[in-house]
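Asker: I would like to see how this sequence folds:
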Amino acid sequence: MSGSRREAGKLRISILILIGLCCSLAAGGAGESTSAIGELGAWSAPINVGPPLNTAYNDMYATLTADGLTVYFTSDRPGGLGGEDLWVSRRESTEAPWGAPENLTVLNSPFNDSLSVFTTSGNIMYFHSTRPGGSCGAGDLWTSRAKPGGDVWTAPVNMGCVVNTASTEIAPAFYANDDLGLSTIYFGSNRPGSVDFDIYATTTTDEDLESAVWSPGVLVPELSSPARDTRTSVRKDGREIFITTDRPGGVGTTRNLDIWVATREDSSGLWSTPVNPGPPLNSAADDGSPALSRDGRTLYFFSTRPGGAGLRDIWFTVRSKH
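Answerer: Numbers count the residues shown, from 1 in each chain. As a prediction, this is how the structure comes out:
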């Protein structure tokens with residue numbers, strides 16, 4: 001990649017961010033969205049997805065493809081390459097049972113490989129790995145690609161030491177702002193300046209995400225706290241974000257993980273102060289790693305609440321649309 005192209009890419013990103021901030025101020029800043037969010041009802045009582053996705057081990061971080069027929073998730077069950085591994089399961093229809101999970105050996109290593117997420121097209125994956133080879137720090141963001149419409153993944157490549165640092169980068173979440181031509185990956189990091197893990201964002205204006213130049217990660221202060229803030233999930237229209245955090249104010253008597261929610265008036269504005277939606281989405285146990293469906297109605301997450309098959313289990317909840 002030439003130096004001139006990198007500088008041009010950075011300049012485009014800066015200009016678009018400034019435009020977005022101006023639009024945000026003109027709209028009145030970081031108020032809560034009322035129109036689109038008001039059309040959605042309350043979350044239903046969460047349902048455990050059961051076997052074969054859940055086992056007596058940790059099964060978590062589920063992400064479904066746009067058609068709802070393939071789910072990628074993380075598990076430390078036997079049969080992996082070591083530690084936490086990425087697995088995949090498929091089904092014939094959204095009403096059919098899930099098939100036997102398969103280990104994604106091309107993506108996994110003897111170390112922890114987890115927290116996969118996809119671009120809008122579905123053929124580029126980002127995930128977290130603690131493998132040492134080609135890494136920048138204690139844990140990095142990596143990427144792999146598949147042919148459009150396929151699920152044969154290439155050997156993963158580190159996203160590089162502009163996005164990654166000597167600290168830990170974890171839990172990527174992809175969002176594409178088509179109006180601005182701006183792609184964003186939100187992620188958690190404990191780099192210097194963070195008390196625990198905070199939410200950061202890296203952006204690119206490159207249309208070809210396979211060769212995109214991503215900016216250094218920038219703190220998202222309105223989503224971060226002195227507590228642990230990691231996995232997020234952004235609604236398709238960019239106006240609602242779900243956050244995994246153990247900040248004070250959660251459900252339960254101890255500092256357990258909960259899913260919190262922030263909103264904004266438009267897709268380029270600042271986020272509102274996150275709020276805890278309470279039960280039934282959250283419980284007195286750990287609830288985290290939200291993954292929202294494309295229509296904004298179904299949320300997959302992990303939980304250690306009673307009624308599971310093992311340690312962390314995969315659950316889902318649905319909200320109606322008025």
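Asker: can you give me the strands for the stretch 51-200 of the chain?
Answerer: For the stretch 51-200 of the chain, the strands defined by DSSP state E, counting those that start in this stretch cover 59-64, 70-75, 85-90, 102-103, 113-118, 124-129, 140-145, 157-158, 169-177, 182-189, 198-204.
Asker: what's around I243, how many residues?
Answerer: When neighbours are counted by other C-beta atoms under 10 Å, I243 registers 28. Bear in mind the C-beta positions are built from the backbone N, C-alpha and C, glycine included.
Asker: I'd say it and E222 touch.
Answerer: No. Judged on C-beta atoms under 8 Å, I243 makes no contact with E222 at a distance of 10.5 Å.
Asker: overlap in contacts, those two.
Answerer: Jointly contacting I243 and E222 under the rule C-beta atoms under 8 Å, 6 or more residues apart in numbering are A262.
Asker: returning to that earlier point: mind checking which of the strands of the stretch 51-200 of the chain is nearest A42?
Answerer: strand 59-64 (21.5 Å; C-beta to C-beta).
Asker: next, the buried residues of stretch 111-118.
Answerer: Going by neighbour count (16 or more other C-beta atoms under 10 Å), the buried part of stretch 111-118 is 111-118.
Asker: turn those into JSON lines, columns for pLDDT and distance to S144.
Answerer: Formatted as JSON lines, these follow (pLDDT from 0 to 100; distance: C-beta to C-beta, whole Å):
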{"residue": "F111", "pLDDT": "97", "distance to S144": "16"}
{"residue": "N112", "pLDDT": "98", "distance to S144": "16"}
{"residue": "D113", "pLDDT": "98", "distance to S144": "11"}
{"residue": "S114", "pLDDT": "98", "distance to S144": "14"}
{"residue": "L115", "pLDDT": "98", "distance to S144": "13"}
{"residue": "S116", "pLDDT": "98", "distance to S144": "9"}
{"residue": "V117", "pLDDT": "98", "distance to S144": "12"}
{"residue": "F118", "pLDDT": "96", "distance to S144": "10"}
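Asker: which of those sits closest to G83?
Answerer: Looking across these and measuring by C-beta to C-beta, the closest to G83 is N112, at 4.3 Å.
Asker: pull the contacting residues for the closest residue to R145 other than its chain neighbours.
Answerer: In space, and not counting its chain neighbours, R145 is closest to I124: 5.0 Å by C-beta to C-beta, 6 or more residues apart in numbering. By C-beta under 8 Å, 6+ apart, the contact set of I124 is 118, 143-146, 209-210.
Asker: so which of these is surrounded by the most neighbours?
Answerer: The most neighbours of any of the contacts of I124, using other C-beta under 10 Å, belong to T143, which has 22 neighbours.
Asker: tell me the spacing between that one and F302.
Answerer: To F302, T143 is 23 Å away according to C-beta to C-beta, to the nearest Å.
Asker: same thing with M125?
Answerer: 19 Å.
Asker: show me which of the two is the more surrounded one.
Answerer: F302 (28 against 25).
Asker: same question for whichever strand or helix holds the more buried one, mean pLDDT?
Answerer: With secondary structure defined by DSSP states H and E, F302 is part of strand 298-303. For strand 298-303, mean pLDDT rounds to 98.
Asker: ditto for stretch 198-207
Answerer: So the average pLDDT for stretch 198-207 ends up being 97.
Asker: buried stuff in that stretch?
Answerer: Counting neighbours by 16+ other C-beta under 10 Å, one finds that the buried residues in stretch 198-207 are 198-206.
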